[in-house]
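Chemist: Next input, structure requested:
(chains A, B and C)
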Amino acid sequence: MATIADDPASPKGRPEGELRPLGRRRSGEAASVGRSRPTPWDVRSQRVVFGVLTAIAVVFLVGPTIIVLLTSFTATESLRFPPRGYSLRWYRALLDADQMQAAAWNSLIVAFWTTLASVVLGTAAALGVAGSRTRFARIADVLFMSPLVLPALAFGFAALVYIHLLGFHPSIPLLVVGHVVVCVPFVLRTTLAALAQVDRALFDASASLGAGRFMTFRRVTLPLIARGVGAGAFLAFMASFDNVPVSLFLADERTEVLPIHLWQQIDTNLDVRTAAISGVIIVVTIALMVLAERFAGLSRQLSR
Amino acid sequence: MASHVSRRQILAAGAGLFAMLPFRAHAQSKTLVVATFPGTWNEAHRNLLAPYFKKRTGASVTQSIQLATEQLAKLEAAKGGRAPFDVAILDEPQVYDAAKQGLIDEYPVAKSPNFKDLFPAYQDKWGPKISLQVIGIGYNPKKIKTPPKSYDDLLNPAYKGRVGLTALNSQLGMAFLAELNRIKGGSETNFDPGFTALKALLPNVGAVAANLGAYATLWQQEQVDIAPYNFNFVQTLKAKGVPVEFVVPETGLVGWTTSLHLTRNAVEPDLAVAYIDSHLAADMQSEMEKPPYDIIPTNSKVPLSPAIVDTVARTPADLSKIRGFDWTKINPQRTALIERFNREIKL
Amino acid sequence: MRRGNSSPTLLPVSDEWPLALPLAALFVVCFVAPFFVLLALSLHADADMMTFSAAQYAKFFGDAFNLSILWSTLWLAVRATLVCLVFGYPIAWVCSRAPARWQSALVFVVVLPILTSVVVRTFAWIVILGREGVMNDVLRALRIVDEPVPLLFTETGVIAVLAQVQMPLMVLPLFATLSRIDPNLGDASAALGAGAWRTFFRVTLPLSAPGLVAGCILVFSACATAFVTQTLIGGARLVYMPLHIYQQAIGANNWPFAATISVVFTVAVMIVLYALNRAGRMSKAYGDDR
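Modeler: Numbers count the residues shown, from 1 in each chain, chains lettered A, B, ... in the order given. From the prediction side, this is the model:
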């Protein structure tokens, strides 16, 4: 059939013709046309198998988070689930946890500057590399994405050795630089994906209407990729806030960051305040995710 | 278009707000960065010593929880520059190495009024001894009805998978190996009997913890029911409601001293000395002696607590008779011992 | 003529390449250079880089202990990736066929774990896997076992936690690819007489290969280098490459050897990723690549 042969890359399925799209089928309807036929066993078995696996996987994915949240409300000193008695005491105890607060503040500052630098550098790089087929572009693309797949711990240690060689000591600015390297790929990825969706004709139109390059960027490109950049910025922020491998080496005792502090606490203490701060982190993450979804359409950006 | 513009305004406002954030880390008053041991120690230091110190100097404390060996490594790595922390807490074995490698400064006794109140044996020029740590056997009285009498009881097949150990980079692990070694006829230069004994113990071992804090977790989660353990750590767990009791083995207690030191190139040396001096104060040590910390005091003005008298030693003179080891002989073998442990003691 | 949106020649940006220079400069100075320094350090016998020698590599490869750590790390990552695949594929599949509103919710659920701090997630598992934890309570309640099963500090535990922590990395690329498969193909397959399972294995699965490979690459690499999870759940006994590097670098202060381990680890991961990439390329479905 002409439609299939011509348009194999049609995304999200909007074919012409009467065939109903696979992706939008309501559950319960048969694969073939016509509602009167009962669901064949193979479709049903497929649904059962995938459904069961999905259910297990969802429980698996969400369960631990819920368990931590509930455990953080325990009234006792031990970390048992289900908790024996409920209270807010551990959340109140967080108010006195000076060192944890200081570490959280450090993480926040580092994450902020990392996100800022990542957005600026990453967006510029995306614009420079998108759609280009030059060798430079392809090498740059691989290079910029490599921190995502190369062992971050090896990079962290390499960075420490490097700093030492140059005669520096670990400090917040250097920590930010290290974080930028491992977080900018997120911005790059979502921005490139957003750029790929933009229609070239818009740029031609803008140019033919007399707009200069910068004006085109400001009024045409930027608004179109804003959501992609926003999603990338959100991911970069969370990646920096949560980063352990680089912070292990570049953040020393005087510049403590929250994940390292928490890890130390868990490794040595296992006191319930860790559960309370985890609860706070979970709630804040969910809140930020809702915001990101609202303003940047996070789920769409991630599934491009 | 309207929402588009307002979103930009929000972003701009947010950026403006953030730009006012200081680049540097949050710091109101002065902060002293100190090292502390995991478990009872960091809790005692956080809950008792830090507030006491703050009242005395107005400065707050940032703790870095590290084992003695880790502290030495960090100090060594930072040699020549600023020390990563100003106060080091070391066990007996590490003090020799630290002094030799130039990682700590001699303790400025003149600036420390409480120093002279320590028993003479604990007044060391490299740093005052703040406590004595002793090890024996810890066991869960709910699961094990007859209290163990000696380390050999750990081999009881009834305890299969219930025995705990710590890795050798923790002092407890090292001391236990040395003690086992000594009981089985070895010496500070021959560790074969010790390793043979450990290997015989292997079938019973349920878990090996990286440090004393992780060890406490094993007890708390009831993964371990019987194991070698420090006196004061057992007391701390007991106070938290974990079922555990401390028993002195027939072969006797064995222990080592723990001390605080001023690191070389400390950023706040005066604050560091004030911190250490606070730890030596009689009122501070009597607080730390109480449950749940049960830290054995070294200040001569502090009477021994009932728990210590019951289990460990009736008088300070008895305390000084508790056996130790010649760490100058054991230290050079440390790396080799750790490697041997990693290789041979495989779960 | 307006083609599909995936054509790469949309933007007239081949002359915009200078925009990528700042990041490129940063990467060369702060990413590439440190790795070269690391490589240089690994080829010296001491931390001050005075004596040049390959002794560290001889030490690493000559010792079965080190090789066993490397092997167990890679094997651990492979198994965790397989678990992610088995459970992640169905989620992605269900997600791609769900109505739009459910899709956002499902993606939300999938993404939440990966955005929550890794320390928090791993911590949750300590509560669950302990002797008296939830897992054992459930197993005992269901009478599957009588005695509590040791799950914490075991490799099984590590694999399970790794799979949960990294699963979103598998689901997202798969979901992206699955939702881009032309639904006509599935219907054509059904119209030609293939059952649902046959369609799945002969049409859907091969077409989803790019997403599958991308997911496997991300998950494998993440699992191999998951320091926090490996050490918190594995404990001190299960030593994998990340902990080995950390112990040598910070614990033993043996920087040259730590550098050697880092280099070997990085190269090993790169080899596996390259192999995965090649496998993916051989089953390329469309002209566009992600």
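
Chemist: Can you show me the helices along the stretch 151-290 of chain C?
Modeler: Secondary structure of the stretch 151-290 of chain C (DSSP state H, counting those that start in this stretch): helices located at C:155-178, C:183-191, C:196-199, C:205-207, C:209-224, C:227-234, C:241-246, C:255-282.

Chemist: where does the closest residue to residue C:27 other than its chain neighbours land on pLDDT?
Modeler: Among residues not flanking residue C:27 along the chain, residue A:143 sits closest, at 5.7 Å (C-beta to C-beta, 6 or more residues apart in numbering or on different chains). Heads up, the C-betas are built off the backbone N, CA and C, glycines and all. On pLDDT, residue A:143 comes in at 92.

Chemist: give the contact list for residue A:143.
Modeler: For residue A:143, the contacting residues are C:24, C:27, C:31-32, by C-beta atoms under 8 Å, 6 or more residues apart in numbering or on different chains.

Chemist: Quick check on the residue of the stretch 201-347 of chain B found nearest chain A: phi, psi?
Modeler: Taking C-beta to the nearest C-beta, chain A has its nearest neighbour within the stretch 201-347 of chain B at residue B:213, 2.9 Å off. Residue B:213 adopts backbone torsions of phi -70, psi -50, taken as degrees, to the nearest 10.

Chemist: ditto for residue B:241
Modeler: Dihedral pair for residue B:241: phi 90, psi 10, per degrees, to the nearest 10.

Chemist: which residues in the stretch 151-300 of chain B form helices?
Modeler: Secondary structure of the stretch 151-300 of chain B (DSSP H, counting those that start in this stretch): helices located at B:171-183, B:192-201, B:212-220, B:231-239, B:269-280, B:282-289.

Chemist: Can you give the distance of the fourth one from its chain's centre?
Modeler: With C-alpha atoms, centre = their mean, to the nearest Å as the basis, helix B:231-239 stands 13 Å off its chain's centre.

Chemist: looking only at pLDDT, what's the mean for that helix?
Modeler: Average pLDDT, helix B:231-239: 85.

Chemist: show me where pLDDT drops low in the stretch 201-304 of chain A?
Modeler: Across the stretch 201-304 of chain A, the ranges flagged by pLDDT under 70 are A:269-270, A:303-304.

Chemist: now the closest residue to chain B within it, nearest residue through space, not along the chain?
Modeler: Nearest to chain B in the stretch 201-304 of chain A, going by C-beta to the nearest C-beta, is residue A:268, at a distance of 2.9 Å. In space, and not counting its chain neighbours, residue A:268 is closest to residue B:213: 2.9 Å by C-beta to C-beta, 6+ apart.

Chemist: okay, now the one you found: neighbour count?
Modeler: If you count neighbours by other C-beta atoms under 10 Å in any protein chain shown, residue B:213 ends up with 27.

Chemist: swap in residue C:182?
Modeler: 23.

Chemist: so what pLDDT did it get?
Modeler: In this prediction, residue C:182 carries a pLDDT score of 82.

Chemist: Which phi and psi values does it adopt?
Modeler: Here residue C:182 shows phi and psi, under degrees, to the nearest 10, equal to phi -60, psi 120.

Chemist: what's the helix or strand for the residue nearest the centre of chain A?
Modeler: Against the mean C-alpha coordinate of chain A, by C-alpha atoms, centre = their mean, the closest residue is residue A:235 at 3.6 Å. Per DSSP states H and E: residue A:235 is located in helix A:222-241.

Chemist: Can you give me the buried ones in that helix?
Modeler: Neighbour-count burial for helix A:222-241, counted by 16 or more other C-beta atoms under 10 Å in any protein chain shown, picks out A:225-241.

Chemist: One more: stretch A:289-304?
Modeler: Using 16+ other C-beta under 10 Å as the test for burial, stretch A:289-304 gives A:289, A:292-293, A:295-296, A:298-304.

Chemist: For burial, what's the neighbour tally of residue A:55?
Modeler: Neighbour tally, residue A:55, other C-beta under 10 Å: 13.

Chemist: How about residue A:191?
Modeler: For residue A:191, the count of nearby residues is 28 (other C-beta under 10 Å).

Chemist: and if you look at residue B:86?
Modeler: Residue B:86, neighbours per other C-beta under 10 Å, totals 28.

Chemist: and what of residue B:333?
Modeler: Residue B:333: 13 neighbours (other C-beta under 10 Å).

Chemist: Hmm, residue B:191 and it touching each other?
Modeler: Yes - counting by C-beta atoms under 8 Å, residue B:333 does reach residue B:191; the two are 7.3 Å apart.

Chemist: so how far is the worst-scoring helix or strand of chain C on mean pLDDT from its chain's centroid?
Modeler: Lowest by mean pLDDT, DSSP states H and E among the helices and strands of chain C is helix C:134-141, with a mean of 76. Centre-to-centre, helix C:134-141 and its host chain are 29 Å apart (C-alpha atoms, centre = their mean).

Chemist: Phi, psi for the residue nearest the centre of chain B please.
Modeler: Taking C-alpha atoms, centre = their mean, the centroid of chain B lies closest to residue B:37, which sits 3.7 Å from it. In terms of degrees, to the nearest 10, the main-chain angles of residue B:37 are phi -80, psi 150.

Chemist: Tell me who's in contact with it.
Modeler: With C-beta under 8 Å, 6+ apart, residue B:37 has these contacts: B:65-68, B:89, B:212, B:258.

Chemist: and stretch A:89-102, does that touch chain C?
Modeler: No - Stretch A:89-102 lies apart from chain C when judged by C-beta under 8 Å from any C-beta of the partner chain; the minimum separation is 12.3 Å.

Chemist: Just the residues contacting that stretch, thanks.
Modeler: Contacts of stretch A:89-102 (C-beta under 8 Å, 6+ apart): A:72-75, A:256, A:258, A:261-262, A:272-273, A:275-277, A:279-280, B:25-26, B:60, B:62-63.

Chemist: Ok, stretch C:245-259 next?
Modeler: Contacts to stretch C:245-259, defined as C-beta under 8 Å, 6+ apart, come from residues A:153-154, A:157-158, A:160-161, A:248-249, B:69-70, B:73-74, B:76-77, B:169, B:335, C:38-39, C:41-42, C:44-47, C:56, C:59-60, C:227, C:239, C:261-262, C:265.

Chemist: Can I get the buried ones among those as something I can paste into PyMOL?
Modeler: If you want just the buried ones from the contacts of stretch C:245-259 in PyMOL, going by 16+ other C-beta under 10 Å, the selection is:
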select buried, (chain A and resi 153+154+157+158+160+161+248+249) or (chain B and resi 69+70+73+74+77+169) or (chain C and resi 38+39+41+42+44+45+47+56+60+227+239+261+262+265)
